[in-house]
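J.: Next comes the sequence, and after it the predicted model I'd like to discuss.
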Amino acid sequence: MEDPELAAIRASRMGQLQQQGGGAGGAKGEDDGAKQQAEEQMRRDLLATVLDSAARERLARIALVSPERARQIEVILLRMAQSGQLRGKVSEEQLIDLLDQIDGAQSKTASGKGSIVFQRRKGGFDDDDDW
């Protein structure tokens, strides 16, 4: 249940990667750099098909402030697109909702770490009790 446009873009990019990998006889470092650039371009193209213009602008602004957070959002969006969970382009409001969901999930996990919870038993024996 994959988007045909997304599948076509992915197939063309994979063909380009295979052509670059097969025809290049240069150094391994150059090969890795070209491969990284091709993967980055493929990621940008996929995001362009998944996001509308306002959502792309917002994601770009987020990347200016927090690159790792923007990368995390991109990974989530691409995973959702590949699994067929997205029905059409993601609007800015949907992106904001996704950000809120991520914030909620992170705050729940952050509040659970480092905190100590004491559970007192009622009706138990104390050291002050006489035997």
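T.: Happy to help now that I have it.
J.: and the longest helix for the chain?
T.: If each helix of the chain is counted by residues according to DSSP state H, the longest one is helix 28-50.
J.: So for that helix, what gets flagged as buried?
T.: Neighbour-count burial for helix 28-50 flags Ala38, Met42, Leu46, Leu47, Val50 (criterion: 16 or more other C-beta atoms under 10 Å). For every residue, glycine as well, the C-beta is placed using N, CA and C.
J.: what residues are up against the last one?
T.: It refers to Val50. Leu6, Leu77, Leu78, Ala81, Leu86, Lys89, Val90 (C-beta atoms under 8 Å, 6 or more residues apart in numbering).
J.: Identify the farthest-apart pair in these.
T.: Spanning the widest gap among the contacts of Val50 are Leu78 and Lys89, at 13.8 Å by C-beta to C-beta.
J.: Pipe the contacts of Val50 into TSV and attach secondary structure and distance to Leu64 per row.
T.: Shown next, in TSV, are the contacts of Val50 (DSSP: H, G, I helix; E, B strand; the rest coil; distance: C-beta to C-beta, whole Å):
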residue	secondary structure	distance to Leu64
Leu6	helix	27
Leu77	helix	18
Leu78	helix	20
Ala81	helix	23
Leu86	coil	25
Lys89	coil	22
Val90	strand	19
